[in-house]
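> kindly return the folded structure for what I paste below:
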Amino acid sequence: MKANSKRSIRGLSLIELMIALLIGSILMIGVVQVFAASRTAYQLSEGMSRVQENGRFALDYLQRDIRMAGHFGCVNDQARGQINGALNSHFAANGPMDFGFSVRGYENASPPGITLSPTRVAGTDSIVLRFMTGNGVPVTSIDIAGSSVDVDPSKWSVLTDGGVAAPAIFGLSDCAFADVFIADSTNPGAGRVVAPNTVDLGRYGVASDEGGPTMLYRGEAVVYYIGLGAGGQPSLWRARINADGSSNSEELVEGIENMQFRYGMDRNAVGTLPSGYIASQGTATDVGTTEAAWRRVGQVQVALLAASPDRAASAQASAVTPTLLGVTPALPADGRYRTVYQGTIALRNRLYGN
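Coordinates of the predicted model:
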């Protein structure tokens, strides 16, 4: 009885303890691996979701404004090329507000004469778009002697949509002519815009006639580019250009690290009327620097490189270098998930027959 009692109170042997520790360690390693795999999968899913969302929003912003390039009421770029003096841009030629260039891109460069804040990230393209806004207000009266144009004051808010509380650049247009200018003064309460005396108000009428009703629009000149955002990472920015070359910039979409453009050019030679058929594509350098050369552009292809805000990709995935329209950017090995989004946009105000 005494020997059996001693054996009943004996503890674990060293071998049994080591086996228990081994089994526990294996189970713990398995739990850690499952947790790590779940965390990695979550990071990847979160990174992909953010990238997809940012890429979609960025393309949407770009497509919307690129499609508007060359909108001058009833007088679009095709009509302007066929009617001498159909559009008068009352700004310095080749300046920041030259509406003769309704679209113009810059290969790895910023638009000259335009101050961007923040500055453009090196290695990225920029594009300038000029147009009249999509909504206009019918002109109710024109005072040629006083160089003033009146609209219904209750509709003045149409000219201030999009966050422009005090517009200064206006477009006057019917279906025969168009003028874009800086107003000498505005009176929103009276619905009145005083145009500079260089604007020939005598060629516009109020009633609908052969030239169509006269409409007053807000003029827009914007730059899309890549700059450092509030979080210190590259973002897509849009800058509204002022007449003096300054700009008011707003951060649109974070995580857009690079932007590249290619332009579809008409098959007809520079200086001739465009046919509406795109025959070749090239960079901004390939298009040229003259207004006639950029009038041949009827299509814009854009590629965006979107990156997740945090580490989200495996070492193998992050080691893959994306290519944007033939351009391969140098990227840091920071483990962020990256992908390229592309879109091809027709300049609808240059489509043949419009």
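> what ranges do the helices span in the stretch 151-300 of the chain?
Assigned by DSSP state H, counting those that start in this stretch, the helices in the stretch 151-300 of the chain fall at 284-287, 291-295.
> so which of those helices gets nearest V164?
helix 291-295 (25.6 Å; CB to CB). Backbone N, C-alpha and C define where each C-beta goes, glycine included.
> convert the closest one to PDB, retaining C-alpha atoms only.
What follows is helix 291-295, C-alpha atoms only, in PDB (Å, rounded to 0.1, in the frame of the first residue of the first chain):
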ATOM      1  CA  GLU A 291      -2.500  75.500 -82.200                       C
ATOM      2  CA  ALA A 292      -3.000  73.900 -85.600                       C
ATOM      3  CA  ALA A 293      -1.100  70.800 -84.500                       C
ATOM      4  CA  TRP A 294      -3.200  70.300 -81.300                       C
ATOM      5  CA  ARG A 295      -6.400  70.900 -83.300                       C
END
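> select the longest helix from this protein.
Selection of the longest helix in the chain by residue count, based on DSSP state H, yields helix 14-68.
> what pLDDT is listed against the spatially closest residue to V121 that is not a sequence neighbour?
Excluding its sequence neighbours, the residue lying closest to V121 (CB to CB, 6 or more residues apart in numbering) is I226, at 4.6 Å. pLDDT for I226: 98.
> what sits against I226?
For I226, the contact set (CB atoms under 8 Å, 6 or more residues apart in numbering) comprises 120-121, 124, 126, 234-237, 256-259.
> save the residues you listed as TSV, and put in pLDDT and distance to Y337 too.
Putting the contacts of I226 into TSV (pLDDT from 0 to 100; distance: CB to CB, whole Å) gives the following:
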residue	pLDDT	distance to Y337
R120	97	24
V121	97	19
T124	97	20
S126	98	26
P234	96	15
S235	97	17
L236	98	18
W237	98	22
I256	96	14
E257	96	12
N258	97	15
M259	98	18
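> mind listing which of those residues are in strands?
126, 234-237, 256-259 (DSSP state E).
> show me where the stretch 101-250 of the chain has its strands.
103-106, 126-132, 137-143, 148-151, 169-173, 178-182, 185-187, 192-194, 215-228, 234-241, 247-254 (DSSP state E, counting those that start in this stretch).
> distance from the first one to the middle of the chain?
Taking the mean C-alpha point of strand 103-106 and that of its whole chain, the gap between them comes to 12 Å (CA atoms, centre = their mean, to the nearest Å).
> may I see the buried residues of that strand?
103-106 (16 or more other CB atoms under 10 Å).
> parallel or antiparallel, list what pairs with it.
Partners of strand 103-106 in the sheet, by DSSP bridges, are strand 126-132 (antiparallel).
> swap in the fourth one?
Using DSSP bridges, the strands paired with strand 148-151 in its sheet are strand 137-143 (antiparallel), strand 192-194 (antiparallel).
> can I get those strands in CSV including distance to L324 and mean neighbour count?
Below are the strands paired with strand 148-151 laid out as CSV (distance: least, CB to CB, whole Å; neighbours: other CB atoms under 10 Å):
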stretch, distance to L324, mean neighbour count
strand 137-143, 40, 16
strand 192-194, 42, 20
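> possible to save those strands as CSV with distance to P213 and mean pLDDT?
Formatted as CSV, these follow (distance: least, CB to CB, whole Å; pLDDT from 0 to 100):
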stretch, distance to P213, mean pLDDT
strand 137-143, 6, 94
strand 192-194, 16, 97
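> which among those is found nearest to S13?
Nearest of the strands paired with strand 148-151 (CB to CB): strand 137-143, 94.2 Å.
> now the closest one - C-alpha only, PDB.
This file holds the C-alpha atoms of strand 137-143, laid out as PDB (Å, rounded to 0.1, in the frame of the first residue of the first chain):
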ATOM      1  CA  VAL A 137     -27.800  81.000 -69.100                       C
ATOM      2  CA  PRO A 138     -29.900  82.600 -71.900                       C
ATOM      3  CA  VAL A 139     -29.000  86.200 -72.500                       C
ATOM      4  CA  THR A 140     -32.000  88.500 -72.000                       C
ATOM      5  CA  SER A 141     -30.600  91.800 -73.200                       C
ATOM      6  CA  ILE A 142     -27.400  93.200 -74.700                       C
ATOM      7  CA  ASP A 143     -26.300  96.800 -74.300                       C
END
